[in-house]
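1. build the 3D model from these lines:
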Amino acid sequence: MNTREFTETYYIHRRGSHSRKWDGEHLKFSRTDLLPLWVADMDFMTPQCIQEAICNYVKANPLGYTMTNPKYLEAVIDWYKRRHNCILSKDWLTSAPNVITGIMWCIGAFTKANDAIAVLTPVYGAFDARANDAYRRIVAVPLHRTLSNKYTIDYDAFESAISQNGVKVFIHCNPHNPVGHVWTEEEMDRLFSICKQHNVLIISDEIHQDLITGSTPFTSALSVSNGHYADHMITMSSVSKSFNMASLHQAEVIIPNEALQNQYTAYKAQVYHTDADVIAETAITAAYTHPEAEAWLTDVLAVIRENYEYLCRELGTALPQIRISPMNGTYLAWIDFSAYVKAEDMHDLFENQCRIAPSFGEWFGGENYATFVRLNLATSLTNIKVATHSIIEHIQP
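-> Got it, this is the predicted structure:
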């Protein structure tokens with residue numbers, strides 16, 4: 001269906017539904033009457049085939065203790081092969097309630113207090129927060145922004161940071177949140193070779209792997225150089241972003257190396273014990289096997305791309321010095337307002353004048369990004385139009 005039909009069919013008004021994004025503005029902002037474009041979930045209902053699969057399971061089965069359903073594992077393996085040309089073994093698959101919890105467990109399993117963990121900034125703030133919570137040191141290596149607003153890696157700076165700080169773990173993000181860059185195999189090969197040389201464990205967060213909105217195809221870290229680095233990495237993903245199911249707590253943790261998997265499993269057993277989440281497995285199986293779900297994903301990507309192009313066109317015309325990063329992946333626009341707004345004025349501008357709740361730039365790496373915002377485009381074009389014109393109205397070029 002076209003983007004208008006999709007929005008009419010699936011867009012839902014979420015205010016009053018206990019939505020963190022719509023009803024939780026008091027958690028981060030000074031007021032609660034804002035258009036929320038911050039939390040990274042969608043304002044669209046999940047595909048009907050997933051809804052029906054959940055309902056049918058609950059009607060037909062008691063919700064007692066269960067084991068992992070082999071059909072769920074087969075669905076994950078088939079999706080990776082079909083969508084991403086990545087071959088998985090069933091033995092590599094384990095789980096966590098979500099990707100961030102999986103990363104926390106890896107930090108606990110493979111590092112100790114005061115060990116150093118590297119990230120490429122700006123980056124999703126939960127990486128820093130969870131490492132700090134565990135008393136690990138974050139080594140932030142800034143990405144380089146080109147004149148075309150694309151982000152690239154300074155490999156010499158990355159290697160220097162690794163060696164000088166004795167980094168134990170590198171948390172990779174692909175597609176990269178918040179800048180929207182989809183890393184190429186060549187870029188990852190150079191990055192991972194440095195990690196391998198210095199015996200650094202790679203944790204690759206690939207939660208946005210299905211949300212590719214540009215011309216660069218997604219390549220899993222597992223596939224780089226025909227799996228050359230697979231013994232030195234752990235990858236993670238989830239349908240929570242792809243099909244808007246973040247409240248179902250299930251993430252795939254993929255560990256090809258048996259010793260690493262045993263170490264992860266031993267740590268997990270100390271902090272968490274449960275049986276399989278049958279609702280999540282049922283939903284994931286439907287998402288990865290039903291043609292309706294795949295068609296839904298295609299349609300939602302078209303809506304996101306339309307929203308992004310509208311935002312870029314209107315802001316670029318009215319505010320020609322604005323800097324918007326190319327969004328080749330995710331549904332998150334990364335925008336620098338430094339040509340028009342001082343860092344100390346950003347919160348007042350967006351909250352009190354524009355009446356928008358964005359993710360503010362400093363949440364992704366500190367004051368160096370205080371003139372940036374990240375805007376969630378997985379909503380209706382109407383909402384994006386309201387936000388765009390409010391920004392234009394309240395910023396004087």
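2. so for the lowest-mean-pLDDT helix or strand in the chain, what gets flagged as buried?
-> Every helix and strand of the chain was ranked by mean pLDDT, DSSP states H and E. The lowest is helix 125-133, at a mean of 75. Of the residues in helix 125-133, G125, A126, F127, D128, R130, A131 count as buried by neighbour count, 16 or more other CB atoms under 10 Å. No exception for glycine: its C-beta is placed from N, CA and C like everyone else's.
3. for the last one, give me its contacts.
-> By CB atoms under 8 Å, 6 or more residues apart in numbering, the residues touching A131 are I107, I117, R137, I138.
4. before we move on, the earlier item: now the buried residues of helix 125-133 in JSON lines, with distance to A370?
-> Converted to JSON lines, the buried residues of helix 125-133 look like this (distance: CB to CB, whole Å):
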{"residue": "G125", "distance to A370": "13"}
{"residue": "A126", "distance to A370": "19"}
{"residue": "F127", "distance to A370": "19"}
{"residue": "D128", "distance to A370": "16"}
{"residue": "R130", "distance to A370": "22"}
{"residue": "A131", "distance to A370": "21"}
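5. of those, closest to D189?
-> F127 (22.2 Å; CB to CB).
6. top of the contacts of A131 by number of neighbours, please.
-> Among the contacts of A131, the one with the most neighbours (other CB atoms under 10 Å) is I117, at 29 neighbours.
7. give me the phi and psi for that residue.
-> Backbone geometry at I117, expressed as degrees, to the nearest 10, gives phi -130, psi 130.
8. for it, report the pLDDT, please.
-> At I117 the predicted local confidence, pLDDT, stands at 96.
9. name whatever forms a beta bridge with it.
-> Beta-bridge partners recorded for I117 (DSSP bridges): I138, V169.
10. then the one 4 residues further on?
-> Beta-bridge partners for T121, by DSSP bridges, are P142.
11. three-state assignment of the closest residue in space to T265 that isn't next to it in sequence?
-> The shortest distance from T265 to any residue that is not its chain neighbour, by CB to CB, 6 or more residues apart in numbering, is 6.5 Å, and that residue is T94. Classification of T94 using DSSP: H, G, I helix; E, B strand; the rest coil returns strand.
12. dump the residue contacts of T94.
-> With contact taken as CB under 8 Å, 6+ apart, T94 is in contact with V253, I254, I255, Q261, Y264, T265, K268.
13. closest one of the buried residues of helix 125-133 to T101?
-> Distances from T101 to the buried residues of helix 125-133, taken by CB to CB, are shortest for R130, at 8.8 Å.
14. wait, doesn't that closest one sit right on I103?
-> Yes. Applying CB atoms under 8 Å, one finds R130 in contact with I103, separated by 6.3 Å.
15. sorry, back to before: who wins on neighbours among the contacts of T94?
-> Ranking the contacts of T94 using other CB under 10 Å puts I254 first, with 27 neighbours.
16. my read: that one touches S223, true?
-> No. Under the criterion of CB under 8 Å, I254 lies out of contact with S223, with a separation of 11.5 Å.
17. hmm, what's the outermost residue in this protein?
-> Summary for the chain: using CA atoms, centre = their mean, the residue whose C-alpha lies farthest from the chain's mean C-alpha position is A60, with a distance of 33.7 Å.
18. what's it sitting at in phi/psi?
-> Backbone dihedrals for A60, given as degrees, to the nearest 10, come out at phi -100, psi -10.
19. A140 in helix, strand or coil?
-> Going by three-state DSSP, the state assigned to A140 is strand.
20. and the next helix or strand past the helix or strand encompassing L311?
-> Secondary structure here is read from DSSP states H and E; on that basis L311 sits in helix 291-318. Elements were assigned by DSSP H and E; along the chain past helix 291-318, the next helix or strand is strand 323-324.
21. now do that next one, average pLDDT.
-> Strand 323-324 shows a mean pLDDT of 98 in the predicted model.
22. each with direction, which strands does that strand pair with?
-> Each strand that pairs with strand 323-324, with its direction, by DSSP bridges: strand 332-336 (antiparallel).
23. stretch 269-283: which residues count as buried?
-> For stretch 269-283, burial by neighbour count (16+ other CB under 10 Å) applies to D277, V278, I279, A280, E281, T282, A283.
24. in helices only, show me those residues.
-> V278, I279, A280, E281, T282, A283 (DSSP state H).
25. L297 reaches V239, doesn't it?
-> No. Applying CB under 8 Å, one finds L297 not in contact with V239, separated by 9.9 Å.
26. neighbour count: the two, which is higher?
-> Relative neighbour count places V239 above the other of L297 and V239, with 28 against 18, counting by other CB under 10 Å.
27. I figured the more buried one hits A283, correct?
-> Yes. If you go by CB under 8 Å, V239 and A283 touch, sitting 7.2 Å apart.
28. hey, what's in contact with both of those two?
-> M245, L248.
29. what are the contacting residues of stretch 141-158?
-> With contacts defined as CB under 8 Å, 6+ apart, stretch 141-158 is touched by 118-122, 161, 176, 179, 181, 187, 190-191, 194, 323-326, 336, 365, 368.
30. avg pLDDT for stretch 338-345?
-> The predicted model gives stretch 338-345 an average pLDDT of 97.
31. ends of it, how far apart?
-> One end of stretch 338-345 sits 10 Å from the other (CA to CA, to the nearest Å).
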